[in-house]
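Engineer: got a sequence here, can you build the structure:
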Amino acid sequence: MVVLTGNDYGKRHQSLQKLREQLKASFADASQAEWERYSASVGMAEFSADDKTVEPVFKRADQYMYEDKIRFKDKIGIHV
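Structural biologist: Reported below is the predicted structural model:
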């Protein structure tokens with residue numbers, strides 16, 4: 001979990017895209033041994049006016065992370 005404020009919050013979409021690009025590049029780097037490459041699933045959710053606590057925000061982020069995981073596995077041919 002990462003909590004962003006100020007300028008970091010303002011750049012949240014760009015930061016998420018950059019992170020995804022770095023993860024994709026690492027996983028695809030054939031010059032590295034397979035065990036040296038890494039990947040991760042990420043999901044981002046924002047606190048909305050309807051949220052009374054952080055729990056629904058965490059649940060949405062978790063759902064987005066799970067969806068990212070499924071897309072990644074589908075792309076590389078791993079089916080769950």
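Engineer: tell me the centre residue of the chain?
Structural biologist: What sits nearest the mean C-alpha location of the chain, by CA atoms, centre = their mean, is Val42, with 1.5 Å.
Engineer: and that one, how far is that from Ala33?
Structural biologist: Applying CB to CB, to the nearest Å, the value for Val42 to Ala33 is 24 Å. Heads up, the C-betas are built off the backbone N, CA and C, glycines and all.
Engineer: again, but for Lys11
Structural biologist: From Lys11 to Ala33 the distance is 33 Å (CB to CB).
Engineer: re the thing from before, need the contact list for the residue nearest to the centre of the chain.
Structural biologist: Leu16, Leu19, Arg20, Leu23, Tyr64, Met65, Asp68 (CB atoms under 8 Å, 6 or more residues apart in numbering).
Engineer: again, only using 7 Å
Structural biologist: Applying CB atoms under 7 Å, 6 or more residues apart in numbering to Val42 gives the contacts Leu16, Leu19, Arg20, Met65, Asp68.
Engineer: now, which of these sits nearest Lys59?
Structural biologist: For the contacts of Val42, the closest approach to Lys59 (CB to CB) belongs to Met65, at 10.6 Å.
Engineer: so what's the residue count around that closest one?
Structural biologist: By other CB atoms under 10 Å, 16 other residues sit near Met65.
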